[in-house]
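Enquirer: When you get a sec, could you give me coordinates for this:
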Amino acid sequence: MRRFARHACIDWSGAATPRQPGIAVAVTQGASQLALLRPDGGWTRQRILGWLETMAEQQTDILIGLDLSPALPFVDCDGYFPGWNESPADAPALWHLVDAITAGDPHLAATSFVTHPEARRHFRHGVERGDLFTGSMGRLRACEHGQAAMGLRPASCFNLVGAAQVGKSSLTGMRVLHRLRGRIPVWPFDPLPESGPCIVEIYTSLAARQAGVTGNKIKVLDPARLSAMLATLGFAAKLPERLDDHNSDALLTAAWLSQAATAAANWAPPDMTPLIARTEGWTFGVV
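Expert: Numbers count the residues shown, from 1 in each chain. Modelled structure (predicted):
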């Protein structure tokens with residue numbers, strides 16, 4: 001099992017706007033320090049793509065946790081979009097399809113995909129429910145059933161309704177993953193590389209639970225409490241004057257990832273079959 005020199009968390013956003021204030025990036029620096037990366041003007045998806053491209057060019061020894069679903073449910077219906085002849089066979093092909101359909105969407109948004117005549121049939125949009133949208137809340141990936149078994153509340157990427165919806169953010173993330181294809185491996189779609197950067201899917205709520213957050217409120221917005229929790233994970237960080245849930249999630253998850261990445265079980269979840277690894281992927285830490 002490989003050990004990484006640095007660990008990062010990217011708290012993502014699917015907002016169809018020029019800037020995405022919901023994006024936050026935290027990176028470990030050395031064995032015990034954490035830092036928030038905050039470029040002038042804030043993060044955008046394009047800036048995140050550029051930062052990741054730099055990690056690839058420099059072959060940085062870093063494990064990057066990306067807070068989104070890198071694929072849609074597949075194994076439950078033997079396909080992402082049953083009944084659509086363009087339904088892809090695996091995750092990289094899905095990323096290609098999403099990016100091709102949304103090529104005209106600015107800011108790496110994914111509006112054109114969820115409104116595509118065939119794709120929209122599988123999504124729940126506001127009061128509109130696609131004729132192929134199934135169940136009360138939509139289909140889930142195998143690892144999302146695993147999240148539920150751990151006491152978490154996963155949301156279907158096919159449900160585009162409500163504050164907890166993750167579909168648009170995941171689709172925008174797939175555009176980024178497509179553009180990084182061949183430059184940064186994405187586990188488990190790709191094997192763990194012997195050197196250089198690697199991306200894994202993370203779930204900040206899972207990290208918070210495993211880092212010791214209890215109760216129904218899993219966002220840590222009190223600076224003293226967050227500093228204490230980071231200390232239990234072996235890290236210290238200079239916190240921003242205004243601590244929001246995005247920065248807090250990024251810091252706590254980056255610290256958690258540095259420990260979780262050393263657990264062999266997280267790299268070999270027993271319920272992750274080769275088919276799941278190729279089509280749906282897996283949330284790091286769900287075992």
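Enquirer: Strands along the stretch 151-287 of the chain, start to end?
Expert: 198-201, 236-237 (DSSP state E, counting those that start in this stretch).
Enquirer: As TSV, those with distance to residue 250 and mean pLDDT would be great.
Expert: C-beta here means a position set from N, CA and C on the backbone, and glycine is covered the same way. Shown next, in TSV, are the strands of the stretch 151-287 of the chain (distance: least, CB to CB, whole Å; pLDDT from 0 to 100):
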stretch	distance to residue 250	mean pLDDT
strand 198-201	15	98
strand 236-237	10	95
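Enquirer: Now residue 178. Nearest residue, chain neighbours left out?
Expert: Spatially, and ignoring its direct neighbours in sequence, residue 178 is nearest to residue 95 (3.7 Å; CB to CB, 6 or more residues apart in numbering).
Enquirer: Dump the strands of the stretch 151-287 of the chain to a markdown table, plus distance to residue 76.
Expert: Below are the strands of the stretch 151-287 of the chain laid out as a markdown table (distance: least, CB to CB, whole Å):
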| stretch | distance to residue 76 |
| --- | --- |
| strand 198-201 | 18 |
| strand 236-237 | 40 |
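Enquirer: Deepest in the core, which of those strands is it.
Expert: strand 198-201 (a mean of 24; mean count of other CB atoms under 10 Å).
Enquirer: helices or strands up against that one?
Expert: With contacts defined as 3 or more CB pairs under 8 Å, 6 or more residues apart in numbering; DSSP states H and E, the packing partners of strand 198-201 are strand 62-67.
Enquirer: Give me the helices and strands touching the next helix-or-strand element following the strand it packs on, please.
Expert: Next along the chain after strand 62-67, taking DSSP states H and E as the criterion, comes helix 91-101. Judged by 3+ CB pairs under 8 Å, 6+ apart, the packing partners of helix 91-101 are helix 111-114, helix 167-179.
Enquirer: Now for the residue nearest to residue 178: which residues touch it?
Expert: Applying CB atoms under 8 Å, 6 or more residues apart in numbering, we find residue 95 in contact with 174, 175, 177, 178, 181.
Enquirer: where's it relative to residue 34, distance?
Expert: Noted for residue 95: a distance of 30 Å to residue 34, by CB to CB, to the nearest Å.
Enquirer: got a list of what the closest residue in space to residue 165 that isn't next to it in sequence touches?
Expert: Spatial nearest neighbour of residue 165, excluding adjacent residues (CB to CB, 6+ apart): residue 159 at 5.7 Å. Going by CB under 8 Å, 6+ apart, residue 159 touches 123, 124, 133, 137, 138, 165, 167.
Enquirer: So which of those residues sits lowest on pLDDT?
Expert: Within the set of these, pLDDT is lowest for residue 165 (85).
Enquirer: Please verify my assumption that that one contacts residue 155.
Expert: Yes. Using CB atoms under 8 Å, residue 165 is in contact with residue 155, at 6.1 Å.
Enquirer: Going along the chain, name the helices of the stretch 151-287 of the chain.
Expert: For the stretch 151-287 of the chain, the helices defined by DSSP state H, counting those that start in this stretch cover 167-179, 204-210, 223-232, 245-260, 274-279.
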